[in-house]
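**Student:** predicted model follows, preceded by the sequence.
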Amino acid sequence: PYFIRIGDHADLTVTPWLGLGNSQTIELRYRQAFRNGRIQANGSVTWDELTEDNVRGHVFADGAFDIGNDIDLTFRIESVTDDGYLTTYGFPDPDLLESNIRIARTERDTHFDAGITYFVSLREGESNDTLPTRMADGRYMHRFVPDMLGGIAELRFDALGYVRPEDTPGNDADGVPLATDAARLSAVLDWRRTEVVSGGLLLTFETALAGDLHAARQDDESTLNDTEGRITPYGAVELRYPLQRTGADGASHLLEPVIQIAWSETYGDAVPVEDSAIVEFDEANLFALDRFPGSDRREEGYRTSLGIGYTRIDPLGWSAGVTAGLVLRADDLTPFTPGSGLDGRTSDWLGATHLTLGDDVRVINRALFDSELDFTSNELALNWQSPVHHVNTSYTFLEADPDEGRDANLSEWALDAGYRFDNDWDAGVNWRYDFAAAEPTRAGLSLGYETECIDMEVSVSRRYTTSASLEPATEFGLTVSLNGFGAGGEGRSRARTCRN
């Protein structure tokens, strides 16, 4: 890398890549600081013969500014010449590029933000011509304490509009035609109050009123070219009984059973579903009034949510906890998908556990399963670190659900681990295995040597997956850095310095 100083507040780093064969790359990073903000741009330009385009490259840029009156302006630019470029040359490779410009203001009891966004999908099988890639959105929230009623109230306004470059024929899972262009305006007034009653019981009352105005348009003469108004009232009563004690050994125990009875009903016709196609059921929304992430669907009917949580905090520095719950419905009125775990009159059981051993070990598991112990989803994550090693591993299982775009089960294990043998040598391994396909997707090994003056690393990695624009590939790497001259390998810094 070549570092070029441009004045007192800007710099440019130019990194030419030296390689064999018909491939030349220049990587660039530009940074500039202003009195009221900063910008940074990272990019590259490549000349190769791997595609029909002789010149390939990418640009990732972002910035943040204070434009006055406590208003922040931010922007992001993400662009690439073709789908396979980032992965081929080892750059960060998200499957969805997002370019946007936004303004926001946050105060003690209010928040406002608005922006416009342009998406580009790099996922195989998706066409950006039929996706809602152009979007504008905004929201305003105000929280206050109502006179006489007490408690906490929140007023929220949301606006969203999106455009598809081309028409999208067909219907969604509910038979509602898909929209080419759509816009919506939603307003929600929520009120919640909690009281401590006899025996230490926590009694909570919550009500809400949501109003939605949806407008949709298709290029043909379908019945979708109209505007629908909908209104949804909510009501809920929740009872918690937190029980806490401290044992003779100093360990603290907290047991909290919870029951919530809720009701809601939507008045108005169905609208195209974009935001609420995928619903995640976890301990965070077990007692939510509405579990849909968007306003194009609203949860309806009478329902009872049951849950219990237990946490133990040991004075030796470790803690463990478990949460379990489910949702019972009087009628199956809400079209949740099977993959959400919320479909039917009785939801799947939700089970979540965590174990923490000081700052070194953390284990989290979250699962959805029915009464016959058939799992809908399961997520396990383990983080174990010390001064000489680290292990980060996760396992994910998701049951097939065509309504969520998943025609087959998803089952994947990922591992990233490293070990320092002594003060100079260390090794690392990373691995990603697809159990559904019974084959690995990525694998890598590295061996490093580091002193105060030099940092060397030898690595080999293999990408097994294929797509229309990528073939399986093996990459060998050799990195040599002179630490005493300001260069260093990424993630391999040391506290000492090189001295003669």
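**Tutor:** Everything's here; your move.
**Student:** how about residue 129, nearest residue that isn't a chain neighbour?
**Tutor:** Once flanking residues are discounted, residue 129 sits nearest to residue 166: 4.3 Å by Cβ to Cβ, 6 or more residues apart in numbering. Glycine gets a C-beta too; all of them are placed from N, C-alpha and C.
**Student:** just residue 458 next, same as before
**Tutor:** residue 447 (5.2 Å).
**Student:** now swap in residue 64 and tell me
**Tutor:** For residue 64, the spatially nearest residue (Cβ to Cβ, 6+ apart) is residue 74, at 4.8 Å.
**Student:** so how far is residue 39 from that neighbour?
**Tutor:** 10 Å (Cβ to Cβ, to the nearest Å).
**Student:** tell me, what's touching those two both at once?
**Tutor:** 62, 63 (Cβ atoms under 8 Å, 6 or more residues apart in numbering).
**Student:** residues in contact with the residue nearest to residue 64?
**Tutor:** 62, 63, 64, 65, 101, 102, 103, 104.
**Student:** redo the residues you listed as JSON lines? Include secondary structure and distance to residue 351.
**Tutor:** Listed next are the contacts of residue 74 as JSON lines, based on DSSP: H, G, I helix; E, B strand; the rest coil; distance: Cβ to Cβ, whole Å:
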{"residue": "62", "secondary structure": "strand", "distance to residue 351": "39"}
{"residue": "63", "secondary structure": "strand", "distance to residue 351": "43"}
{"residue": "64", "secondary structure": "strand", "distance to residue 351": "40"}
{"residue": "65", "secondary structure": "strand", "distance to residue 351": "46"}
{"residue": "101", "secondary structure": "strand", "distance to residue 351": "42"}
{"residue": "102", "secondary structure": "strand", "distance to residue 351": "38"}
{"residue": "103", "secondary structure": "strand", "distance to residue 351": "42"}
{"residue": "104", "secondary structure": "strand", "distance to residue 351": "37"}
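**Student:** and which of these is nearest to residue 462?
**Tutor:** Residue 462 lies nearest to residue 62 out of the contacts of residue 74, by Cβ to Cβ, at 31.7 Å.
**Student:** which strand residues bridge that closest one?
**Tutor:** Note on residue 62: beta-bridge partners residue 40, residue 76, judged by DSSP bridges.
**Student:** that one reaches residue 40, doesn't it?
**Tutor:** Yes. Using Cβ atoms under 8 Å, residue 62 is in contact with residue 40, at 6.2 Å.
**Student:** report how many residues lie close to residue 197.
**Tutor:** Residues lying near residue 197 (other Cβ atoms under 10 Å) number 9.
**Student:** do you know how far it is from residue 148?
**Tutor:** 20 Å.
**Student:** where does pLDDT dip in the protein?
**Tutor:** Applying pLDDT under 70 to the chain flags residues 167-179, 219-225, 466-470, 484-500.
**Student:** which one of the contacts of residue 74 is nearest to residue 456?
**Tutor:** residue 62 (32.4 Å).
**Student:** what's the burial count for that closest one?
**Tutor:** 16.
**Student:** list the contacts for it?
**Tutor:** By Cβ under 8 Å, 6+ apart, the neighbours of residue 62 are 39, 40, 74, 75, 76, 77.
**Student:** for residue 459, see how far away it is.
**Tutor:** Using Cβ to Cβ, residue 62 is found at 28 Å from residue 459.
**Student:** circling back: how many neighbours does the residue nearest to residue 129 have?
**Tutor:** Residue 166 has 12 nearby residues by other Cβ under 10 Å.
**Student:** who does residue 458 form a beta bridge with?
**Tutor:** Note on residue 458: beta-bridge partners by DSSP bridges are residue 447, residue 478.
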